[in-house]
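Q: test case, fold it:
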Amino acid sequence: MWGRFKEEFALYKQPDNPKDVKKILERVHQSISGTSKPLNQNAINAQQQKVKQAAHGGTTVAKSPSEKKSLDPRMRAGLKGFDDKEIDELFT
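A: Just a heads-up that it's a prediction; the model follows:
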């Protein structure tokens, strides 16, 4: 394992700033062990917020019932177990 670590470490250019050595060591470790760095909670929260904003995006004008698109009967048949009200809530 040590030999493999040294070979991988030799592939990287040695940084001028000693603080950057940590980044190289982490990359080498990830490469050898096959692990990835876990996301921190702030990154997860930011991703969730982006998804929420995208889900609420679009038009802010409410559509009248006559303007709403009707769901294709073939798709409605594939949604067994849902009543009409639940299906309408999903697609409006």
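
Q: just name the shakiest helix or strand of this protein by mean pLDDT.
A: Every helix and strand in the chain was compared by mean pLDDT, DSSP states H and E; the lowest is helix 73-77, with a mean of 68.

Q: what comes up buried for the very next helix or strand once past that helix?
A: Counting by DSSP states H and E, the element after helix 73-77 in chain order, helix or strand, is helix 84-90. Judged by neighbour count using 16 or more other CB atoms under 10 Å, helix 84-90 contains no buried positions. C-beta coordinates here come from the backbone N, C-alpha and C atoms, glycine included.

Q: with stretch 23-32 instead?
A: Quick answer for stretch 23-32 (16+ other CB under 10 Å): 24, 28.

Q: check the chain for its longest helix and report it.
A: helix 41-55 (DSSP state H).

Q: how about low-confidence regions in the protein?
A: 36-40, 56-79, 92 (pLDDT under 70).

Q: hmm, 80 instead?
A: Within the chain, the ranges that satisfy pLDDT under 80 run 34-48, 51-84, 87-92.

Q: OK, contacts around Ile32?
A: 1, 4-5, 8 (CB atoms under 8 Å, 6 or more residues apart in numbering).

Q: how close does it get to Asp88?
A: 53 Å (CB to CB, to the nearest Å).

Q: swap in Asn45?
A: 31 Å.

Q: kindly report the same for Lys19.
A: Lys19 is 57 Å from Asp88, by CB to CB.

Q: what of Thr35?
A: 45 Å.

Q: tell me the phi and psi of Asp16?
A: phi -80, psi -30 (degrees, to the nearest 10).

Q: before we move on, back to that, report all helices and strands that the longest helix of the chain contacts.
A: Helix 41-55 sits against no helix or strand, with contacts defined as 3 or more CB pairs under 8 Å, 6 or more residues apart in numbering; DSSP states H and E.
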